[in-house]
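A.B. asks: please find the sequence and the predicted model below.
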Amino acid sequence: MKGFAMKKIGETGWVEKEIPACGPLDAIVKPLAVAICTSDIHTIAGAIGDRKDMILGHEVCGEIHEVGSLVKDFKKGDRVLITAITPDWSTVEAQAGYSMHSGGMLNGWKFSNVKDGVFSEYFHVNDADGNLALLPEGMDPIDACMISDMVPTGFHGAELADIQYGDTVLVIGIGPVGLMGVAGAALRGASRIIAVGTRPKCVEVAKIYGANEFISYKNGPIDEQVLKMTNGKGVDKVIIAGGGVETFSEAVKSLKAGGKIGNVNYLGEGDNVLIPRLEWGVGMGHKAIFGGLMPGGRLRAEKLGSLVASGRLNVRHLITHVYEGWDQLPEAVRIMGEKPADLIKPVVRIAK
């Protein structure tokens with residue numbers, strides 16, 4: 001089979017490999033569509049270290065090619081959703097409620113990290129009964145790709161921040177994950193959503209998903225702008241979906257006493273996250289910070305698939321560039337790396 005791979009840091013290209021072997025609990029899947037993530041670009045640049053000929057990609061929906069002898073609920077030919085995080089559901093970490101860390105911290109993240117990803121003619125899914133979900137009837141595979149990562153990650157930011165009815169919420173970063181943070185905050189009942197971002201296309205879509213007001217980090221510290229907008233009170237909750245380690249300081253300063261921060265942003269640089277002592281109530285302000293890798297698995301995919309299929313969440317606003325066929329995948333990766341002004345998510349359709 002062919003796959004689009006990270007050949008080494010900074011270099012990509014097509015490789016030929018054997019079709020993955022299917023274990024008794026596993027499945028081999030053929031992509032119907034794949035999407036490119038900023039994480040793929042970071043991986044190519046060396047964010048997770050050097051990899052040789054590792055097939056990229058973790059955003060996908062597909063059709064089952066083969067299932068293992070112990071798989072009960074799926075069969076060849078089923079069209080399926082697959083989340084980017086594929087836990088091992090029998091582990092003690094999963095039983096403790098942290099399936100995304102099954103086998104060790106962040107070890108639920110397997111695609112294009114510890115094994116080949118999904119930008120290939122066939123890919124391997126561990127624990128198929130726990131990590132696959134049937135594609136809802138009539139759902140376009142293009143839309144289904146958003147359920148693999150963008151929707152569950154952005155929504156997890158809203159969950160970690162524990163957004164409640166009537167909350168004032170700050171969303172830092174309105175790329176595709178942040179946009180789903182905005183949508184998640186609105187669905188959970190936020191009455192006021194302040195979004196930090198400047199790209200016109202992202203601002204346009206953030207308004208559709210429920211953002212009321214906008215801040216540009218180019219106009220000064222985020223916290224100073226937030227406090228001015230809220231008459232010095234701050235916000236109830238913060239979702240962090242962009243920025244660096246320094247962003248935490250501004251988030252804490254923007255937050256009311258008793259507020260919560262939900263971080264789903266990958267911090268790729270810096271040794272420490274600095275928390276401002278005074279604005280954290282000298283350690284006693286009841287300002288809680290939660291950071292989490294998004295949950296994966298079948299139940300999560302089924303519920304989010306139902307949300308999209310019902311029309312309650314329209315993910316098509318995220319998809320700005322659609323390509324047809326494997327030959328267009330390198331171009332989709334290139335454009336995600338360059339991020340032109342009109343881009344949010346590129347998707348490549350492989351099959352109808």
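C.D. replies: Happy to help now that I have it.
A.B. asks: which strand or helix spans I289?
C.D. replies: Assigned by DSSP states H and E, I289 falls within strand 288-291.
A.B. asks: got the CA coordinates for that strand in CSV?
C.D. replies: What follows is strand 288-291, C-alpha atoms only, in CSV (Å, rounded to 0.1, in the frame of the first residue of the first chain):
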residue,chain,number,x,y,z
ALA,A,288,-8.7,25.9,38.8
ILE,A,289,-6.7,24.9,35.7
PHE,A,290,-7.5,21.7,33.8
GLY,A,291,-5.6,20.5,30.8
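A.B. asks: partners of it, with directions?
C.D. replies: Strand 288-291 has its sheet partners listed here by DSSP bridges as strand 255-263 (parallel).
A.B. asks: tell me the pLDDT at N107?
C.D. replies: At N107, the model reports a pLDDT of 96.
A.B. asks: ok, it touching S99?
C.D. replies: No. Taking Cβ atoms under 8 Å as the definition, N107 is not a contact partner of S99, at 10.1 Å. Where C-beta positions appear, they are placed from N, C-alpha and C, glycine not excepted.
A.B. asks: the more surrounded of the two?
C.D. replies: S99 (23 against 18; other Cβ atoms under 10 Å).
A.B. asks: in contact with the more buried one, which residues?
C.D. replies: By Cβ atoms under 8 Å, 6 or more residues apart in numbering, the residues touching S99 are I85, P87, W89, T91, E93, G108, P295, G296, G297.
A.B. asks: so the fourth one sits right up against G103, yeah?
C.D. replies: Yes. Here T91 lies in contact with G103, judged by Cβ under 8 Å, at a distance of 5.7 Å.
A.B. asks: which positions within the strand holding I289 qualify as buried?
C.D. replies: I289 (16 or more other Cβ atoms under 10 Å).
A.B. asks: tell me the mean pLDDT for that strand?
C.D. replies: On average, strand 288-291 scores 97.
A.B. asks: what's the answer for stretch 16-28, then?
C.D. replies: 98.
A.B. asks: pull the distance from that stretch to the chain's centre.
C.D. replies: Here stretch 16-28 is found 25 Å from its chain centre; the criterion is Cα atoms, centre = their mean, to the nearest Å.
A.B. asks: what's next to it, contact-wise?
C.D. replies: 1-3, 53, 55, 64-71, 74, 116, 120-129, 132.
A.B. asks: what's the span of it, first residue to last?
C.D. replies: 17 Å (Cα to Cα, to the nearest Å).
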